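K.L.:
Please find the sequence and the predicted model below.
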Amino acid sequence: MKEEALIFETAKHVEQLFAGEGSGHDWWHIRRVWKTALSIGEQEGADTTVVQLGALLHDIADWKFHDGNEEAGPQAATAWLQSLNAPQEIISQVGTIVKEVTFKGAGVETSPSTLEGKVVQDADRLDAIGAIGIGRAFAYGGHKGREMYNPSILPELHDTFEAYKKNQAPTLNHFYEKLFLLKDRMNTAAGKRMAQDRHEVMQAFVQQFLSEWHSQEMPPSSFLSV
């Protein structure tokens, strides 16, 4: 199968799988990552076929929805590309991207081993920050039944992937535990440029959120007179 057909069939397959998904990991997220990765890949001189397939399949079986299984994604991506009789070199490269793309905790090094992986990781992380990233964070928190914010639960910078996977903290903590860290962990020059504005949008949002939250706080005795 020609490379253009591989991309077309994969996009069609992923759209069917993720249309209407409500956790923020839907088809539109994948489509944005795909288009952003293609743009960055062209600027960085990456193999755009591998970049596009890696972006389209990066969430094909995310560990968050498969009982923490880190191998589910690479296995699903490999199986799909094998069903299309894709070249083995492409299958191997895409499988590596899917395996390496995920954030694994503040204290865990997760820089991909290939240029194409770095491009896809940047595109995925760009969609996790900024205005869309804010919306996705709260969509996922609601999907998981988490509180928006709880002042008594402090953010934790996880040192291991296992600790990060077990985290059940309120959504606002996620900004400190991951999202605010991503700007400085972009791999490519294009990714770094795009991340700055989105980072500032998140900072302004969290500042406003906390301002509104704490402006409503009253001493315990005040509730007795209400």
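P.N.:
Looks like it came in fine. Numbers count the residues shown, from 1 in each chain.
K.L.:
use CA for all of it now, contacts and neighbours both
P.N.:
Fine.
K.L.:
Packing partners of the biggest helix by length in the chain?
P.N.:
In the chain, taking DSSP state H as the definition, the longest helix is helix 189-215. Helices and strands touching helix 189-215, by 3 or more C-alpha pairs under 8 Å, 6 or more residues apart in numbering; DSSP states H and E, are helix 27-44, helix 115-126, helix 130-143.
K.L.:
And the first one, what does it pack against?
P.N.:
The one in question is helix 27-44. helix 3-18, helix 48-57, helix 115-126, helix 189-215.
K.L.:
Touching it from outside, list them.
P.N.:
14-15, 17-21, 47-48, 51-52, 55-56, 58-59, 116, 119-120, 122-124, 127, 188, 190-191 (C-alpha atoms under 8 Å, 6 or more residues apart in numbering).
K.L.:
got the helices and strands packed on helix 27-44 as JSON lines, with mean neighbour count columns?
P.N.:
Formatted as JSON lines, the helices and strands packed on helix 27-44 follow (neighbours: other C-alpha atoms under 10 Å):
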{"stretch": "helix 3-18", "mean neighbour count": "15"}
{"stretch": "helix 48-57", "mean neighbour count": "26"}
{"stretch": "helix 115-126", "mean neighbour count": "28"}
{"stretch": "helix 189-215", "mean neighbour count": "15"}
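K.L.:
Which one of the ones you listed lies nearest to G145?
P.N.:
Among those, helix 189-215 comes nearest to G145, with 19.5 Å by C-alpha to C-alpha.
K.L.:
so where's this structure shaky on pLDDT?
P.N.:
61, 63-69, 217-226 (pLDDT under 70).
K.L.:
50 instead?
P.N.:
For the chain, the stretches flagged by pLDDT under 50 are 221-226.
K.L.:
is it true that P170 touches Y149?
P.N.:
Yes: here P170 reaches Y149: they are 5.1 Å apart, a contact under C-alpha atoms under 8 Å.
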